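[1] A structural model of the following input is requested.
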Amino acid sequence: MNGTKAKLKFQANSFQVIEEGDYVECAVSGKNIPLNELCYWNVELQEAYYSPKEVKIRFEQRKFKK
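    The predicted structure follows:
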């Protein structure tokens, strides 16, 4: 990883690279996620997540806001 943060547009089953880079930041934990390891994101919120743990945290946060 050369330290360049990418900018992505998340789609249902893929993502589009808007600005080249080699990682994105998890919206919940702040951890860097190499693009080749990115598996979890939310299209509606346009957020990336490090693992299912962070997905669950964000889901719970949003559930209680409604």
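[2] which secondary element of this protein has the worst mean pLDDT?
    Scoring the helices and strands of the chain by mean pLDDT, DSSP states H and E places helix 52-65 at the bottom, with a mean of 91.
[3] Can you give me the buried ones in that helix?
    Going by neighbour count (16 or more other Cβ atoms under 10 Å), the buried part of helix 52-65 is Glu54, Val55, Arg58. Yep, even glycine has a C-beta here, placed from its N, CA and C like the rest.
[4] Take those residues and lay them out in JSON lines including distance to Ala27.
    Formatted as JSON lines, those follow (distance: Cβ to Cβ, whole Å):
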{"residue": "Glu54", "distance to Ala27": "8"}
{"residue": "Val55", "distance to Ala27": "10"}
{"residue": "Arg58", "distance to Ala27": "7"}
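[5] Can you tell me which of those residues lies closest to Gln46?
    Closest approach between the buried residues of helix 52-65 and Gln46, by Cβ to Cβ: Arg58, at 12.2 Å.
[6] Would you confirm that the closest one contacts Ser51?
    No - using Cβ atoms under 8 Å, Arg58 is not in contact with Ser51, being 11.5 Å away.
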